[in-house]
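Student: this one's sequence-less:
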């Protein structure tokens, strides 16, 4: 389990770093483009496209990180009202469903990248191959799958009675640990 935690910690640092860098670059580029447009009546044609791709990548890495800290929406009031063993079983089942979905998105993302690589399509302004742009999908869905797998292991190792006690404080603790 120690190796899993180390891998998860590295992924967490990478995700946070990329979110900050991508958001910063997109914001700075958008600001420079607005200044250029209004002060010099000229803007960078490619800036809007690049800002869009930077924000998409940032959002997908943020979504992956959200799986680590338990930030995604869940409706667990009903599940927590169940007896401990049933609560644990339902939690494991729902986590498995999410894991399968994320794995399918990873596979779909890989197929999308392969397809775009074969077609050779490029973006209009930047002339970047679409397969590079779409790499964000399989990368982030794979890391989200990993994080969900780690959560599944934690759920399996946690007694049902403890699962029933978890609540919004868990998110706050995860944010504090991640900081």
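Tutor: Structure received. Keep in mind the model is a prediction, meaning the values are calculated, not measured. Numbers count the residues shown, from 1 in each chain.
Student: only C-alpha atoms from now on, for both contacts and neighbour counts.
Tutor: Fine.
Student: any idea which helix is longest in the chain?
Tutor: helix 2-40 (DSSP state H).
Student: counting by contacts, list what the next helix or strand after it packs against.
Tutor: Next helix or strand after helix 2-40 toward the C-terminus (DSSP states H and E): helix 47-69. When contacts are defined as 3 or more Cα pairs under 8 Å, 6 or more residues apart in numbering; DSSP states H and E, helix 47-69 packs onto helix 2-40, helix 136-157, helix 168-178.
Student: tell me the contacts of residue 148?
Tutor: Counting by Cα atoms under 8 Å, 6 or more residues apart in numbering, residue 148 touches 67-68, 95, 98-99.
Student: quick check: mean pLDDT of stretch 81-89?
Tutor: On average, the pLDDT along stretch 81-89 is 82.
Student: which positions within that stretch qualify as buried?
Tutor: 84, 87-88 (16 or more other Cα atoms under 10 Å).
Student: point out the most buried one among the helices and strands packed on helix 47-69.
Tutor: Using mean count of other Cα atoms under 10 Å, the stretch among these with the largest mean neighbour count is helix 136-157, at a mean of 20.
Student: quick one: contacts for the residue nearest the centre of the chain?
Tutor: Nearest to the geometric centre of the chain sits residue 64, at 1.8 Å (Cα atoms, centre = their mean). Shown in contact with residue 64 (Cα under 8 Å, 6+ apart): 15, 140-141, 143-144, 147.
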